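> Need coordinates for the following:
(2 chains)
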Amino acid sequence: MRVRPGTIVKGLCGTALLFLSGCNRHQSALSPFGDDAARIQVMTVVLVAGAVVIGIAVAALMVWAVRLPANRLTLVGGERFILIAGGIVPSAVLLALLIYSLPAMRPRDVSPGDLNVAVTGEQFWWRVRYEPPGATPLTDANEIRIPVGRTVRLRLLGGDVIHSFWIPGLAGKVDMIPGRENTLVVRATRPGVFRGQCTEFCGLSHALMAFDVVAMPPEAFDAWLAGQQAAPARAAAPGQALFAQHGCGGCHTIRGTEHAGTIGPDLTRMGARRSLGAGTLPPSEANIASFIRHPEHHKPGVRMPAFPHMPEREAMAIARYLKALR
Amino acid sequence: MITRLVDRIQTLRATLWTLIAPPLVWAAHFLLSYLWASVLCAKRGAFATEPALFWGCTVLALVVIVGCGVIAHIQSRVPGDNPPHEQGTKVDRLRFLAYSTLLLAGLSFIGVIFTAVPVLFLTDCR
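Numbers count the residues shown, from 1 in each chain, chains lettered A, B, ... in the order given. Just a heads-up that it's a prediction; the model follows:
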């Protein structure tokens, strides 16, 4: 069967259109908001352009060689050409690329006054601990806030299995390995809300292990951190008693209350989060209630036990209580 | 003296020693690079400020590889018929081994440089 060129072009364009669905500004290495990601983007453009030029040159050479009249090429001449174009030139190009790319691999300098953020990968969420120099650490989950224009040292840890930490718009990705601490030093260049994702298969809900990244102006970040470090005042709510009654505090912490579990995510700021279940669901009260009763429906393989026996109105009361936490 | 050395090399028969020396030197240099960097980082906690030992070993490795390459180059230039040299004769065997040695020396030379260059740029233990 003969396929028309027009059909091929339409097919290619249609396929390319499907890839466009992945275009966004909040989780893309092509839309950097950090110094390192910007350098990686420039390097990517240089490498792709170079690869296209070399690919076209090799194809043109092949066409030229095939169309050449017989007996125009000699064995010695061919071998010499292969040595030069196939050995010496690629070696020189690769050495040049190595020298060009190595400085980007040098870790950014840090000073003792820089903010440390310890991030631990857990199945299937992120434990986040802000460690500002000279101040009390602050524990949070599934959201990372960083000040724009300041160097931040991310201490990356593996809690249970190997995870990988990647904020495509900020920097390259780094593995989180249990028993080992890896460091990623970053600096955001513009404020905004972005997204990171686990990029090492870590279990059934690996693809549902994301987090929000909020790059804030430095003053706003300082104010936010200071505000969070102050002990929050908690008004009594119907859901609070149910939260205690169902034993939620055995795994979850809510600062300002007696609940201090550390197995699951810290829920102190639950109501302020932009997503539920580490980037899995919109954080509505109905979704929170559904997640409490049947977490495995939303996150297969989740470590949190299901509460199917909990009446829905009680789940909703707890959801309202959690949604009010800020 | 150089003429005498060239004459001496030309009298050498086909040998595997110069063939295997460059990749072995490359492998040894590769191992040394990693051991040197990891031991220094583990013991000092900081990258070497004057990596004289490393650069000395790198120059030594390159000299050995270039030496093998030069010997192979001289050996491959024995007078004879036109290519291809694919007969089971002593001359063709010598040419084949010498040319293989030359290419391996070239590859090992690049390999050693590629292993050494990061020390220039990545002066950090992280």
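
> And the pLDDT for whichever residue of chain A sits closest to chain B?
Minimum separation of chain A from chain B (CB to the nearest CB) falls at A:Leu102, amounting to 3.8 Å. (Each C-beta comes from the backbone N, C-alpha and C, glycine too.) Per-residue confidence (pLDDT) for A:Leu102: 88.

> Show the subsequent helix or strand relative to the strand or helix carrying it.
Applying DSSP states H and E as the criterion places A:Leu102 in helix A:89-105. The helix or strand immediately downstream of helix A:89-105 is strand A:115-122, counting by DSSP H and E.

> Tell me the strands beside that next one, with direction?
strand A:125-131 (antiparallel), strand A:151-158 (parallel) (DSSP bridges).

> CSV for the ones you listed, including mean pLDDT and distance to A:Ala59?
Putting those into CSV (pLDDT from 0 to 100; distance: least, CB to CB, whole Å) gives the following:
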stretch, mean pLDDT, distance to A:Ala59
strand A:125-131, 95, 46
strand A:151-158, 95, 43
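
> Rebuild those strands as a markdown table, extending it with mean neighbour count.
As requested, the strands paired with strand A:115-122 are exported to a markdown table (neighbours: other CB atoms under 10 Å in any protein chain shown):
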| stretch | mean neighbour count |
| --- | --- |
| strand A:125-131 | 21 |
| strand A:151-158 | 20 |
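
> Dump these to JSON lines, plus distance to A:Ala236.
Shown next, in JSON lines, are the strands paired with strand A:115-122 (distance: least, CB to CB, whole Å):
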{"stretch": "strand A:125-131", "distance to A:Ala236": "28"}
{"stretch": "strand A:151-158", "distance to A:Ala236": "36"}
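
> nearest spatial neighbour of the residue of chain A closest to chain B, skipping sequence neighbours?
Setting aside the residues directly before and after it, A:Leu102 is nearest to B:Phe121 in space (CB to CB, 6 or more residues apart in numbering or on different chains), at 3.8 Å.

> how many other residues sit next to the one you found?
Using other CB atoms under 10 Å in any protein chain shown, B:Phe121 has 15 neighbouring residues.

> ok, and does the longest helix anywhere in chain A reach over to chain B?
Longest helix of chain A, by residue count under DSSP state H: helix A:35-67. No. Contact of helix A:35-67 with chain B (CB under 8 Å from any CB of the partner chain) is absent, the minimum separation being 13.7 Å.

> what packs against that helix?
Here helix A:35-67 touches helix A:89-105, strand A:181-187, going by 3 or more CB pairs under 8 Å, 6 or more residues apart in numbering or on different chains; DSSP states H and E.

> deepest of the ones you listed, which one?
Burial of these is given as mean neighbour count (mean count of other CB atoms under 10 Å in any protein chain shown); strand A:181-187 ranks first at a mean of 17.

> And that strand, what does it pack against?
The elements that strand A:181-187 packs onto, with contact taken as 3+ CB pairs under 8 Å, 6+ apart, are helix A:35-67, strand A:151-158, strand A:174-176.

> As CSV, the ones you listed with distance to B:Ile20 would be great.
Listed next are these as CSV, based on distance: least, CB to CB, whole Å:
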stretch, distance to B:Ile20
helix A:35-67, 33
strand A:151-158, 42
strand A:174-176, 37
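
> Can you classify the residue sitting nearest the centre point of chain B by secondary structure?
For chain B, the residue nearest the mean C-alpha position is B:Ile65 (2.3 Å; CA atoms, centre = their mean). Following DSSP: H, G, I helix; E, B strand; the rest coil, B:Ile65 is assigned to helix.

> which ones are touching it?
B:21-22, B:25-26, B:105, B:108-109, B:112 (CB atoms under 8 Å, 6 or more residues apart in numbering or on different chains).

> Now for A:Ala171, how many residues are close by?
25.

> roughly how far apart are it and A:Thr253?
Using CB to CB, to the nearest Å, A:Ala171 is found at 29 Å from A:Thr253.

> And for A:His246?
16 Å.

> More neighbours: which of the two?
Taking neighbours as other CB under 10 Å, A:His246 and A:Thr253 compare with A:Thr253 leading, 19 against 16.

> Output the below-cut-off pLDDT ranges for the chain.
Picking chain A for this. By pLDDT under 70, the weakly predicted segments of chain A are A:1, A:231-233, A:235.

> actually it's chain B I care about, not the one you picked
For chain B, the ranges with pLDDT under 70 are B:1, B:10-12, B:14, B:83.

> Please list the residues of it that sit near chain A.
B:83-84, B:103, B:106, B:110, B:113-114, B:117-118, B:120-124, B:126.

> Is it correct that A:Ala289 is in contact with A:Ala319?
Yes. Using CB atoms under 8 Å, A:Ala289 makes contact with A:Ala319 at a distance of 4.2 Å.

> Spit out the contact partners of the nearest residue to A:Ala188 once chain neighbours are set aside.
Once flanking residues are discounted, A:Ala188 sits nearest to A:Ala215: 4.1 Å by CB to CB, 6+ apart. Contacts for A:Ala215 (CB under 8 Å, 6+ apart) come out as A:33, A:145-148, A:188, A:190-194.

> Out of the residues you listed, which end up buried?
A:33, A:145-148, A:188, A:191, A:194 (16 or more other CB atoms under 10 Å in any protein chain shown).

> and those as a markdown table, adding secondary structure?
Output for those, formatted as a markdown table (three-state DSSP):
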| residue | secondary structure |
| --- | --- |
| A:Phe33 | coil |
| A:Arg145 | strand |
| A:Ile146 | strand |
| A:Pro147 | strand |
| A:Val148 | strand |
| A:Ala188 | strand |
| A:Pro191 | coil |
| A:Phe194 | strand |
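
> any idea how far chain A is from B:Val78?
Taking CB to the nearest CB, to the nearest Å as the measure, B:Val78 and chain A are separated by 16 Å.

> and that residue, how many neighbours does it have?
Neighbour number of B:Val78 under other CB under 10 Å is 14.

> Which helix or which strand is home to it?
Going by DSSP H and E, B:Val78 is not in any helix or strand.

> what's A:Pro265 in contact with, if anything?
A:Pro265 neighbours (CB under 8 Å, 6+ apart): A:125, A:127, A:141-142, A:252, A:278.

> nearest to A:Phe81, of those residues?
A:Ala278 (55.8 Å; CB to CB).

> contacting residues for that closest one?
Contacts for A:Ala278 (CB under 8 Å, 6+ apart) come out as A:124-126, A:141-142, A:208-211, A:265.

> For those residues, which two are the farthest from each other?
Farthest apart among the contacts of A:Ala278 by CB to CB are A:Ala141 and A:Leu208. That separation is 14.6 Å.

> Those two: which has the busier surroundings?
Higher neighbour count among A:Ala141 and A:Leu208: A:Ala141, with 25 against 21, using other CB under 10 Å.

> Lovely, talk soon.
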